[in-house]
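Engineer: Below is the sequence, then the predicted model.
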Amino acid sequence: MSFRIPQNLDELAAALREKDENTYLCAGGTDLVIHLRKEKKFHYSLIDLTHLPELSQITETEDSVIIGAGVTMTELEQSPLVRTWIPALSKAASMVGSTQIRNRATLGGNVANASQSSDTTPVLLAYGAEAEILDGTGAVTKRLVDDFVEGLEKTTLGEREVILKFIVKKQHVFSAFAKVGARKAVTISKINGCICTEIKEGCMMHPVVYLGAVGAKAGRARLIEACLEGQTLSGCDEEKIRDAVYAQIEENIPNRPSKHYKKSAAFGVIDQILDDLRRAEEEAGR
């Protein structure tokens with residue numbers, strides 16, 4: 001067993017070059033500990049990512065918000081930059097697990113773990129976020145999050161690759177997130193979702209909708225998008241939206257026994273998101 005603590009990206013690349021199937025990347029460790037216990041792993045090595053400043057910062061450029069992969073859920077929730085430019089991500093982070101988990105769990109881990117119930121992934125997908133990725137040669141590349149997250153604990157990340165940061169383009173849009181679980185707090189999502197939309201004269205324009213836990217990974221809900229296009233937040237056609245949500249779930253999981261529950265749950269999620277968007281628009285207009 002070995003325990004490596006790289007202090008910079010060169011040292012991290014060197015550690016990645018020596019990584020094998022029994023070597024794990026560790027940031028918050030909240031998902032890793034569960035995995036090691038589940039697989040009954042006792043002989044393994046770790047690469048500690050917590051001493052790399054590049055992974056722990058939230059910064060901005062003129063056109064983007066840049067979030068280190070090691071930023072915790074608590075930091076995401078409280079960040080003024082995230083609240084201003086990616087409000088749905090702040091909300092999603094605030095609903096991940098318990099306070100203790102949010103203080104440890106990282107954005108990179110939440111995405112790389114590739115759970116179909118991940119709370120932050122639908123938001124990143126709705127914003128078209130990119131990930132900056134380092135490999136064992138020291139090369140840094142960028143990929144859309146949508147391109148490497150496959151769901152069901154699967155990604156296209158290579159054995160010797162690690163996420164450094166996420167890049168989210170600044171957009172003049174409103175966004176909101178909601179979820180439904182088995183209980184009100186400290187719960188894993190049975191279904192979640194994000195809407196990111198322009199609002200002009202009270203009407204939703206070009207809405208982007210993603211639903212999680214209704215497929216192998218969070219997926220774009222184009223039927224719901226088409227229904228919401230042009231609708232006013234103050235006078236949404238509830239019946240029309242319900243029909244669109246039910247049709248979307250039927251399209252996503254037609255043969256899954258849980259689809260009947262998921263239809264009602266998904267409508268509840270969308271309804272909550274629309275309420276949050278309505279409040280956000282009202283506050284912005286004051």
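Structural biologist: Looks like it arrived, so ask away. All values derive from a computational prediction rather than experimental measurement. Numbers count the residues shown, from 1 in each chain.
Engineer: can you pull the contacts of the closest residue to residue 99 other than its chain neighbours?
Structural biologist: When the adjacent residues along the chain are set aside, residue 99 lies closest to residue 74, with 7.7 Å between them (Cβ to Cβ, 6 or more residues apart in numbering). For the C-beta atoms, the positions are set from N, CA and C on the backbone; glycine is no exception. The neighbours of residue 74, taking Cβ atoms under 8 Å, 6 or more residues apart in numbering as the test, are 93, 99, 102-103.
Engineer: where in the stretch 151-286 of the chain is pLDDT low?
Structural biologist: Regions of the stretch 151-286 of the chain meeting the criterion pLDDT under 70 cover residues 182-188, 286.
Engineer: What segments of it are helices?
Structural biologist: Across the stretch 151-286 of the chain, reading from the start of the chain, the helices by DSSP state H, counting those that start in this stretch fall at 222-228, 238-252, 259-284.
Engineer: if we can go back for a sec, top of the contacts of residue 74 by neighbour count?
Structural biologist: Highest neighbour count within these: residue 93, with 27 neighbours (other Cβ atoms under 10 Å).
Engineer: ok, back up a step: looking at the helices of the stretch 151-286 of the chain, which is buried most?
Structural biologist: Per-stretch averages of neighbours, counted by mean count of other Cβ atoms under 10 Å, single out helix 222-228 among the helices of the stretch 151-286 of the chain, with a mean of 20.
Engineer: Tell me which other helices or strands that one touches.
Structural biologist: Using 3 or more Cβ pairs under 8 Å, 6 or more residues apart in numbering; DSSP states H and E as the contact criterion, the secondary-structure elements in contact with helix 222-228 are strand 203-212, helix 238-252.
Engineer: neighbouring contacts of that helix?
Structural biologist: Helix 222-228 is contacted by residues 195, 197, 204, 207-209, 211, 236, 240-241, 243-245, 247-248, 251, 270 when judged by Cβ under 8 Å, 6+ apart.
Engineer: Show the residue spans covered by the strands in the stretch 1-150 of the chain.
Structural biologist: Using DSSP state E, counting those that start in this stretch, the strands found in the stretch 1-150 of the chain span residues 3-4, 23-26, 45-48, 58-60, 64-68, 130-135, 140-144, 149-151.
Engineer: And the third one, what's buried?
Structural biologist: Right, strand 45-48. Using 16 or more other Cβ atoms under 10 Å as the burial criterion, the residues of strand 45-48 that qualify are 46-47.
Engineer: Neighbouring strands - and their directions - for it?
Structural biologist: Taking DSSP bridges as the criterion, strand 45-48 sits next to strand 3-4 (parallel), strand 23-26 (parallel) in its sheet.
Engineer: Just send the ones you listed back as TSV, with mean pLDDT and mean neighbour count too.
Structural biologist: Listed next are the strands paired with strand 45-48 as TSV, based on pLDDT from 0 to 100; neighbours: other Cβ atoms under 10 Å:
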stretch	mean pLDDT	mean neighbour count
strand 3-4	88	12
strand 23-26	85	18
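Engineer: Dump those strands into CSV; add distance to residue 50 as well.
Structural biologist: Formatted as CSV, the entries for those read as follows, by distance: least, Cβ to Cβ, whole Å:
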stretch, distance to residue 50
strand 3-4, 12
strand 23-26, 8
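Engineer: For residue 170, which of the ones you listed is the nearest?
Structural biologist: Comparing these against residue 170 with Cβ to Cβ, the closest turns out to be strand 23-26 (29.2 Å).
Engineer: Give me the residues contacting the closest one.
Structural biologist: 2, 32, 36, 44-50, 162.
Engineer: for those residues, which one is nearest residue 152?
Structural biologist: Taking Cβ to Cβ as the measure, residue 152 sits nearest to residue 32 out of these, at 17.5 Å.
Engineer: If you count neighbours, what's buried in the longest strand that the chain contains?
Structural biologist: Using DSSP state E to define each element, the chain has its longest strand at strand 189-200. When neighbours are counted by 16+ other Cβ under 10 Å, the buried residues of strand 189-200 are found to be 189-197, 199.
Engineer: what's the most distant pair in those?
Structural biologist: The most widely separated members of the buried residues of strand 189-200 are 190 and 199, with 28.7 Å between them, by Cβ to Cβ.
Engineer: Dump the buried residues of strand 189-200 to TSV, plus distance to residue 79.
Structural biologist: Conversion of the buried residues of strand 189-200 to TSV gives the following (distance: Cβ to Cβ, whole Å):
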residue	distance to residue 79
189	22
190	27
191	26
192	20
193	22
194	17
195	21
196	18
197	22
199	23
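Engineer: Show me what residue 181 bridges to in the sheet.
Structural biologist: With DSSP bridges as the rule, residue 181 is bridged to residue 189.
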